[in-house]
Each structure stands twice: as C-alpha cells, then as structure tokens.
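*Asks:* Build me a structure from this.
(2 chains)
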Amino acid sequence: MALLDKFAAAAAIRDQLRSGGPDPTRVVIDEIISPTEGMVEGRHTILAGTNNYLGLTFDPDCTAAGMKAIATQGTGTTGSRMANGSFAAHGALEQDLAAFYGVPYGMVFSTGYAANLGTLVALLSPGDAVLLDADAHASLYDGCQMSGADIFRFRHNDVGSLEKRLQRLGERAHDCLIVTEGLYSVMGDCAPLVEIVALKKRYGALLLVDEAHSLGVYGDHGCGVAEAQGVMHEVDFFVGTFSKSLGAMGGFCVSPHAELELVRYVSRPFIFTASSSPSIIASTREALHQLKTRPELREKLWRNARRLHEGLKSLGFEIGPEVSPVIAVRLGKKEIALPFWNSLLENGVYTNLMVPPASPDQHSYIRCSVSAAHTARQVETIIEVFGQAKRFMSMP
Amino acid sequence: MNTPMDEIERRICKLLASYLETSNFAELEAHGDITADTNIVSDFTLDSFQVMEFMMELEESFDIMIDVNSLSNSHTVRDLARIVSHELDGSTD
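*Replies:* Residues are numbered from 1 along each chain as shown, chains lettered A, B, ... in the order given. Okay, here's the model as predicted:
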C-alpha cells in the first residue's frame, strides 16, 4: 500500500458525511454574535453544541482581562516554559487552581489534551498498570498508551467490573492508577466516584479524575463531580480544561501530592510545547473568579438543562435518565442521524452529530450542550426545532 | 492444565460469530465459517469501538484481562488466541 492510500477510508467517511448536506465535522460559524448565537451559512443560529457551559466567552470582565494582558504582556510567550521562561501569570493561575481545589500543587498545560497526555505520561511508566474507564476521552487513552504502561479497561461506570480487575491485578493493585472522568461528555452521565473511591482505598490504588466537562457545573463551589459526591479529598489527581466553563483554551492538573511539581521535569507534552499566551491565562484567571463568585450562573445553567431534558423527553426522544448540561439524543442508524442533524442546522440550531465509531455504542446520537447564557426562549426554540426534525425518525 | 490452543481458537470463533450476529453484521453470511485465519477487522469491517467491545466480551468469557497495548499487532483469531492463552497460563514468554 502506498503511503497515502490509507486516506481512501477517510475520504469514504467524508463523502458519506457530505452526502446529506454540509459536513457535520466542518461547520463554519461565520460570525459569533454571543456565547449562544452565531451566523452559519447566512442564518441566525442558536449554538447548542459548544460546551460553553457558563457562557463566559463574552463576559466583559474576562474579555477586558484578556485585552489588558495583550496590551501589557504581548500576544504570545514565544516558547516553552522550561526553555524560555514562565510569565508570572502562569504561576499565579497554578496557585489559583490549586487553592480552588484545596490542594497545594497545580500545573497548567497549553491544552486540555496536553494536560491529560502530560500528566499520564509522567505518572505512568512501562510495567505500571492503569485501569481506565472504557468510555474515557481519547486524550486519556493516548496518555496511557504513550506512557507504555499496561492498560486494562473496565466497563463504563461499572464498579463491579473495576473491582474484578483490581482483584486480578493482585499485588499490582497497590501501585495502579484508576482513571475516570467526572461527567462523561458524550452521554452526559457521571462517574460513581463514591464507590470508585471506596475501591481505590480498599486496594491502595491512586485515582485520577478528569473534570473537563464538570468544572463549573457540579458541586457547591463548581469544582466538579467529586465535590458534588463529597469525595474531593480522596482524589489524587484532578485534570481539567479551560476550554469549556472557563471559555478559553488550556488545561491543568492539581494534586495533594508533591510529586506533581516534578512532573514539570519529566513530562514531554509540558516541556516541548509553547506555553499559553498571556491573554488566555488572564481571561482564564478572571473566568475562574467569575465561576467562584457567581453561583447564579450554575443555577441558570441547571435550570436550562432541566428544561431542555424535560422538553426533549416529552417529545418522545430517547435520552439518558440523568439530567445534565450534556444531553445526548439517541437516533439509531447513521442514515437517520445525518438528515436529522442537517434539519436542526437548517432550522437554526447547531448541535453535535456523533456516529460510530465516535459514539460509545453502535448508535448515532445528536448531542446538545446547554449554556447558562441560553435564554429561556432559545431553549424553547431548540425543543421546537427538535420536534420538527422528528419526522426523520420514521425514515426506513 | 493448560487449555489447548485449538480449543481457545474454537471458543473465540464462536464468541465472534455470536458478537457479529448480535450486531447484525451483513458480512457474516457472505464470509462463511469463522476460522483461526479470520481477520477480525478487515473481514468484517469492525470499527475501533467494536473491536474494543469484542475484546471486553473476550475478557469476560475467559475471565482474563487483556492489555490494550497487546492488541496493536493482533489481527486474526489465531493472534487473539495466543494472547488469551498467554493470559490463561500466566506465562511470561
């Protein structure tokens, strides 16, 4: 096979995705009007698939912080922190995040993907064992694989499956790392962290929780699912992202373990990447402040999530039982999902289409993510447009 | 006592047929009998998710754990049988 022949399979997938209209993976938002509205192909479109949970991307204090940082610190850092030096704000954000989680150590990375990759490759080595939830994000899989550790998957959110694997590991269970997410971003379900923590303690393992989609969403202070379930102090490593509730770009790891400080010296995805630009760090710090001081954002987010969940359910759509700001509508066949998604877009609602193998089973899904910035009217419009697209469900 | 390889292969063939049947794979009928030489990916166009799902079924059926890394060079039922045999025996070769 010639080197480039392998792209024939990707071309076939692309052609299939384009067959019913615009390619769902390449939607262009020509103009961003607000955190929840943009112009797509000349149409006013409600953005219901952007993970902008708190709607802070246009918050005046966040944008002002970003602009001030550009004016005073420049547009970029022009290199990695190890080789070219950290700006004071990088360290300040690390301290903000550590304090927010009530732990002494924090690190920021240039993306959420790099945070998972960079943390896992440093924590794990060949010969170590990692127990990974089967539905974990690709960045968690990639970090585990890049580390060279032995990777054993347990069934998604299945505590029995996890315990069976801990038992099979025998003595190795004392040294293994359990990796889960807080809120799973595809189906919008939460990890049973109380039970997972109980197992971690019983077998002496360490636990890493990715709160990428749950930061700012769950818990009295918005720390995530571990806080909401009352087990924050049992988690060894929290990882997360700035690109969802915090409305910017980047990632972090915080931990009660002093060894996190040494991750800086051994983590290639940290060492060999340019550091986040001053504007990103500044707007993220301000967004974290907003997250902490404006609990009403979370209240509005949950009000919108409950209404959308209830509205779609009352239309007869198959959605998960758990109410969360991520709502996945199961559509079954890809042949139905594509025109369904396209109908939503044509009627002014942007969502995410997930088809196998990117979905967690053999079904296709439309995923919505709710924002605190959605107005009640926008939520009602999303429900109405879903109702109109329902006709595609009866397609042969 | 070690489980003979051909018995492991037979069990994997049966599990694969059952998985493909449950998942309504159209290629199953055209393919004919599943043998040790059957390529689980290319013969049935299993996607990466389905391969991982089938691996989970294999783990539960044989009551073993399979390291995800060990699958990268495993394509056929025979390749999988070697991995299963290795895990069943607890050998290090």
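*Asks:* Tell me how many other residues crowd residue A:277.
*Replies:* Neighbours of residue A:277 under the rule other CB atoms under 10 Å in any protein chain shown: 23. In short, each C-beta sits where N, CA and C put it, glycine included.
*Asks:* For it, which non-adjacent residue is spatially closest?
*Replies:* Closest residue in space to residue A:277, ignoring its immediate chain neighbours: residue A:76 at 4.7 Å, by CB to CB, 6 or more residues apart in numbering or on different chains.
*Asks:* That neighbour against residue A:281, yeah?
*Replies:* No. Residue A:76 is not in contact with residue A:281 according to CB atoms under 8 Å; the separation is 11.2 Å.
*Asks:* Settle it for me: which of those two has more neighbours?
*Replies:* Just comparing residue A:76 and residue A:281: by other CB under 10 Å the higher neighbour count belongs to residue A:281, 28 against 14.
*Asks:* tell me which residues in the longest helix along chain B are buried?
*Replies:* What stands out as the longest helix in chain B, according to DSSP state H, is helix B:5-22. Neighbour-count burial for helix B:5-22 flags B:8, B:9, B:10, B:11, B:12, B:13, B:15, B:16, B:17, B:19, B:20 (criterion: 16 or more other CB atoms under 10 Å in any protein chain shown).
*Asks:* Point out where the chain drops to low pLDDT.
*Replies:* Looking at chain A here, since you left the chain open. The model of chain A has pLDDT under 70 over residues A:1, A:395-396.
*Asks:* hm, I was asking about chain B
*Replies:* Low-confidence segments of chain B, defined by pLDDT under 70: B:1, B:24-30, B:91-93.
*Asks:* quick one: the strands in it?
*Replies:* Taking DSSP state E as the test, none of chain B falls into strands.
*Asks:* mind listing the helices in it by residue range?
*Replies:* Assigned by DSSP H, the helices in chain B fall at B:5-22, B:27-31, B:48-62, B:77-89.
*Asks:* Go through those and name the closest to chain A.
*Replies:* Of all the helices of chain B, it is helix B:48-62 that lies closest to chain A, at 4.0 Å by CB to the nearest CB.
*Asks:* residues in chain B within reach of chain A, list them.
*Replies:* Within reach of chain A by CB under 8 Å from any CB of the partner chain, chain B has these residues: B:23, B:47-50, B:52-53, B:56, B:64-69.
*Asks:* Phi first, then psi, for the residue nearest to residue A:110 when sequence neighbours are not counted.
*Replies:* Excluding its sequence neighbours, the residue lying closest to residue A:110 (CB to CB, 6+ apart) is residue A:273, at 4.9 Å. Taking degrees, to the nearest 10, you get phi -130, psi 150 for the backbone angles of residue A:273.
*Asks:* show me what contacts the residue nearest to residue A:185 when sequence neighbours are not counted?
*Replies:* In space, residue A:185 comes closest to residue A:213 once its chain neighbours are excluded; the distance is 4.6 Å by CB to CB, 6+ apart. By CB atoms under 8 Å, 6 or more residues apart in numbering or on different chains, the contact list for residue A:213 reads A:51, A:53, A:181, A:182, A:183, A:184, A:185, A:244, A:326.
*Asks:* Rebuild those as TSV, extending it with distance to residue A:201, neighbour count and secondary structure.
*Replies:* Shown next, in TSV, are the contacts of residue A:213 (distance: CB to CB, whole Å; neighbours: other CB atoms under 10 Å in any protein chain shown; DSSP: H, G, I helix; E, B strand; the rest coil):
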residue	distance to residue A:201	neighbour count	secondary structure
A:51	32	19	coil
A:53	31	31	coil
A:181	20	28	strand
A:182	18	29	coil
A:183	23	25	strand
A:184	23	27	coil
A:185	27	22	coil
A:244	30	25	coil
A:326	29	25	strand
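*Asks:* Near the residue in chain B that chain A sits nearest to, how many other residues are there?
*Replies:* In chain B, the residue that lies nearest chain A is residue B:47 (3.6 Å; CB to the nearest CB). With neighbours defined by other CB under 10 Å, the count for residue B:47 comes to 13.
*Asks:* Now it. Nearest residue, chain neighbours left out?
*Replies:* Nearest one to residue B:47, counting by CB to CB, 6+ apart, is residue A:357 at 3.6 Å.
*Asks:* my guess is the one you found meets residue B:51, correct?
*Replies:* No. Counting by CB under 8 Å, residue A:357 does not reach residue B:51; the two are 9.0 Å apart.
*Asks:* quick one: contacts for residue A:284?
*Replies:* Contact analysis of residue A:284 by CB under 8 Å, 6+ apart lists A:93, A:242, A:246, A:248, A:250, A:276.
*Asks:* State the distance from it to residue A:91.
*Replies:* Distance, residue A:284 to residue A:91, using CB to CB, to the nearest Å: 13 Å.
*Asks:* sorry, back to before: list buried residues within the contacts of residue A:284.
*Replies:* A:93, A:242, A:246, A:248, A:250, A:276.
*Asks:* which among the residues you listed gets closest to residue A:65?
*Replies:* Among those, residue A:248 lies closest to residue A:65 (CB to CB), at 10.2 Å.
*Asks:* Kindly provide the distance from that closest one to residue A:163.
*Replies:* Residue A:248 sits 38 Å away from residue A:163, going by CB to CB.
*Asks:* Name all residues that make contact with residue A:319.
*Replies:* Residue A:319 neighbours (CB under 8 Å, 6+ apart): A:309, A:312, A:313, A:327, A:328, A:329, A:330.
*Asks:* In a markdown table: those residues, plus neighbour count.
*Replies:* Supplementary listing: the contacts of residue A:319 in a markdown table, determined by neighbours: other CB atoms under 10 Å in any protein chain shown:
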| residue | neighbour count |
| --- | --- |
| A:309 | 22 |
| A:312 | 20 |
| A:313 | 16 |
| A:327 | 27 |
| A:328 | 27 |
| A:329 | 21 |
| A:330 | 16 |
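*Asks:* Quick one: mark the members of these that sit in strands.
*Replies:* A:327, A:328, A:329, A:330.
*Asks:* The closest residue to the last one other than its chain neighbours - how many residues pack around it?
*Replies:* With CB to CB, 6+ apart as the measure, residue A:318 is the residue that lies nearest to residue A:330, at 4.3 Å, once sequence neighbours are left out. The criterion is other CB under 10 Å. On that basis, residue A:318 has 14 neighbouring residues.
*Asks:* Likewise for the one 4 residues further on?
*Replies:* Per other CB under 10 Å, the neighbour tally for residue A:322 reads 14.
*Asks:* Need the nearest residue in space to it, chain neighbours excluded.
*Replies:* Of all residues beyond its chain neighbours, the one nearest residue A:322 is residue A:189 (5.2 Å), with distances taken as CB to CB, 6+ apart.
*Asks:* show me the residues around the one you found that make contact.
*Replies:* A:157, A:183, A:320, A:322, A:324.
*Asks:* Residue A:177 now?
*Replies:* Taking CB under 8 Å, 6+ apart as the test, what residue A:177 contacts is A:123, A:124, A:128, A:129, A:130, A:131, A:149, A:205, A:206, A:207, A:208.
*Asks:* Take the residues you listed and keep only those in helices.
*Replies:* In helices, defined here by DSSP H, the members of these are residue A:123.
*Asks:* Take the contacts of residue A:284 and write them to JSON lines, including distance to residue A:18 and secondary structure.
*Replies:* Formatted as JSON lines, the contacts of residue A:284 follow (distance: CB to CB, whole Å; DSSP: H, G, I helix; E, B strand; the rest coil):
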{"residue": "A:93", "distance to residue A:18": "41", "secondary structure": "helix"}
{"residue": "A:242", "distance to residue A:18": "32", "secondary structure": "coil"}
{"residue": "A:246", "distance to residue A:18": "34", "secondary structure": "coil"}
{"residue": "A:248", "distance to residue A:18": "32", "secondary structure": "coil"}
{"residue": "A:250", "distance to residue A:18": "33", "secondary structure": "coil"}
{"residue": "A:276", "distance to residue A:18": "35", "secondary structure": "coil"}
